[in-house]
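S.K.: what follows is a predicted protein model with its sequence.
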Amino acid sequence: GMETDADTFYRHLPKAELHAHLNGSVSFATMKKLIARKPHLNIEHSMTAISSGQRRTLEECFQMFKVIHQLVDSEEDILMVTKDVVREFATDGVKYLELRSTPREEAKSGLSKTRYVETIIEAIRQSKQDEVDIDVRFLVSVDRRNGPRVAMETVKLAEDFMLSSDGLVLGLDLSGDPAVCNGKDMLPALQRARNSGLKLALHLSEVPSQKEESEILLNLPPDRIGHGTFLHPEVGGSDSLVDKVCKQKIPIELCLTSNVKDQTVPSYDKHHFQYWYDRGHPCVLCTDDKGVFCTDLSQEYQLAASIFALGPEAVWDLSHQAVQCSFAPEPLKQQLKRRWAELRPQVLQPPPLQ
Ligand SMILES: CNc1ncnc2c1ncn2[C@@H]1O[C@H](COP(=O)(O)O)[C@@H](O)[C@H]1O
Ligand SMILES: [Zn+2]
């Protein structure tokens, strides 16, 4: 449809995306190219994305990732997908992106976990060379489904890349189906990651009844929390969990459309953004899986503003705060903050039309 002034404001607003899973971020255009490469799989776009107004269960979402993984299973695919995703975030006005992905080995295409990460790093470098206007860093994901042994291997892989990637690999993400595997078993791997200087972004309390696990993981503590949907007492969490998060000022990555479409939150206006934002807690709006949930970061900011009645200044402060919550080293944070300051007058007080 037509772009309104509001659309323009949110697209021009400089943004930092801190919670984006690579294979969940594949756009419709890229999906078409992948499906054309592998017609024998008989995959249709409706099997990899939840269009507007539709909902699925979290379980169904994890089925979708399996389908997408069939389509993205070679070095060539990963290179294309990463470059496309980076370019799309840049087009949406994202100036800083922390991309995350689970290293996978694929016997069929001869892909190893090391090559998987190397290929993503190569795609990030190529995007920089092509002068795509965005700084990209990478977090290595641990899929809880694969258990503690693989988690430890993944941490070692992440450590190696942290030291050899010129600062592109900054941290570790714990994700995957929360119904599978107790996060407590991941503790040794996560502790090791933390001790070696990897930043930790952990999916926490994405579903109810993970109180005990969240208590334990919050003691690490993580550097950021993904979702945290069921941490507060009103939804079955506890004061003790909220206290831990608040006292340690652990930023929370909030993904509105993701949570509504996968039905962990009943509706946009009931989203826990409100709870944390009202307490002045650091909140970061993110997309989670822009491909699967058919959204982009501009849309997430626009939704939050309209549902929680945020004015332009408040929206600006949110996007500015996201830089502070990032894992970027201090000089890059300062550079990004200067960028934000330069763009501010154009975005908040656009010059009058000629
Ligand atoms: C919707 N809520 C969510 N909760 C937990 N984990 C999620 C997720 N969305 C995505 N992932 C994690 O990211 C993987 C896909 O990207 P990569 O292959 O790693 O790039 C999924 O398989 C899952 O492990
Ligand atoms: Zn996620």
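M.R.: Sure thing, it's come through. Ligands and ions are numbered 1, 2, ... in the order given.

S.K.: what does the chain put close to ligand 1?
M.R.: Contact residues, the chain versus ligand 1 (Cβ under 6 Å from any ligand atom): 21-24, 61, 65, 101-102, 141, 143, 175-176, 203, 206, 258, 262, 288-289. C-betas here are computed from N, CA, C, even on glycine.

S.K.: so which of those are in helices?
M.R.: Of the residues of the chain next to ligand 1, the ones assigned to helices by DSSP state H are 61, 65, 258.

S.K.: so can I have JSON lines of those showing distance to Val81, pLDDT and neighbour count?
M.R.: Formatted as JSON lines, these follow (distance: Cβ to Cβ, whole Å; pLDDT from 0 to 100; neighbours: other Cβ atoms under 10 Å):
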{"residue": "Cys61", "distance to Val81": "18", "pLDDT": "96", "neighbour count": "21"}
{"residue": "Phe65", "distance to Val81": "13", "pLDDT": "98", "neighbour count": "18"}
{"residue": "Ser258", "distance to Val81": "19", "pLDDT": "98", "neighbour count": "27"}
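
S.K.: and of those residues, the nearest to Ala29?
M.R.: Nearest to Ala29 among these, counting by Cβ to Cβ, is Phe65 at 19.2 Å.

S.K.: apart from its chain neighbours, what residue comes closest to the closest one?
M.R.: Leaving aside its chain neighbours, Phe65 sits nearest to Asn23 (6.3 Å; criterion: Cβ to Cβ, 6 or more residues apart in numbering).

S.K.: wait, what's in contact with that neighbour?
M.R.: Listed by Cβ atoms under 8 Å, 6 or more residues apart in numbering, the contact set of Asn23 reads 65, 68-69, 72, 81, 101-102.

S.K.: and Cys286, by the same measure?
M.R.: In this structure, Cys286 makes contact with 17-20, 253-255, 297, 300, judged by Cβ under 8 Å, 6+ apart.

S.K.: could you work out the most separated pair of those residues?
M.R.: Going by Cβ to Cβ, the pair spanning the contacts of Cys286 furthest: Ala20 and Leu254, at 13.3 Å.

S.K.: coming back round to it: can you tell me which of the ones in helices among the residues of the chain next to ligand 1 is nearest His281?
M.R.: Relative to His281, the closest of those is Ser258; by Cβ to Cβ it sits at 19.3 Å.

S.K.: does that closest one really touch Lys290, like I thought?
M.R.: No - Ser258 is beyond contact range of Lys290, at 9.1 Å (criterion: Cβ atoms under 8 Å).

S.K.: run through who's touching the helix or strand where Ile121 lies.
M.R.: Ile121 is part of helix 113-129, with elements assigned from DSSP states H and E. With contact meaning Cβ under 8 Å, 6+ apart, helix 113-129 is reached by 22, 75, 78-79, 82-83, 86-87, 90, 99, 101, 103-105, 134, 136, 138, 140, 153-154, 157, 161, 165, 168-169.

S.K.: buried set for that helix?
M.R.: Going by neighbour count (16 or more other Cβ atoms under 10 Å), the buried part of helix 113-129 is 113, 115-124, 127.

S.K.: cool, stretch 204-216 as well?
M.R.: Neighbour-count burial for stretch 204-216 flags 204-206, 210-211, 213-214 (criterion: 16+ other Cβ under 10 Å).

S.K.: adding secondary structure and pLDDT, write the contacts of Cys286 out as TSV.
M.R.: Listed next are the contacts of Cys286 as TSV, based on DSSP: H, G, I helix; E, B strand; the rest coil; pLDDT from 0 to 100:
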residue	secondary structure	pLDDT
Glu17	strand	99
Leu18	strand	99
His19	strand	99
Ala20	strand	99
Glu253	strand	99
Leu254	strand	99
Cys255	coil	98
Leu297	helix	98
Glu300	helix	98
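
S.K.: now the helices for the stretch 51-200 of the chain?
M.R.: Applying DSSP state H, counting those that start in this stretch to the stretch 51-200 of the chain gives helices spanning 58-71, 75-91, 113-129, 147-164, 187-195.

S.K.: deepest of those helices, which one?
M.R.: Greatest average neighbour count among these goes to helix 75-91 (a mean of 21), per mean count of other Cβ atoms under 10 Å.

S.K.: now stretch 18-33, how far from the centre of its chain.
M.R.: Relative to the chain's own centre, stretch 18-33 is displaced by 11 Å; criterion: Cα atoms, centre = their mean, to the nearest Å.

S.K.: that one: which residues count as buried?
M.R.: For stretch 18-33, burial by neighbour count (16+ other Cβ under 10 Å) applies to 18-27, 30-31.

S.K.: strands - which of those land there?
M.R.: Under the assignment DSSP state E, the buried residues of stretch 18-33 contribute 18-21 to strands.

S.K.: excluding its backbone neighbours, what's nearest Lys108?
M.R.: Using Cβ to Cβ, 6+ apart and skipping the chain neighbours, the partner closest in space to Lys108 is Asp73 (6.6 Å).

S.K.: thank you kindly, that will do.
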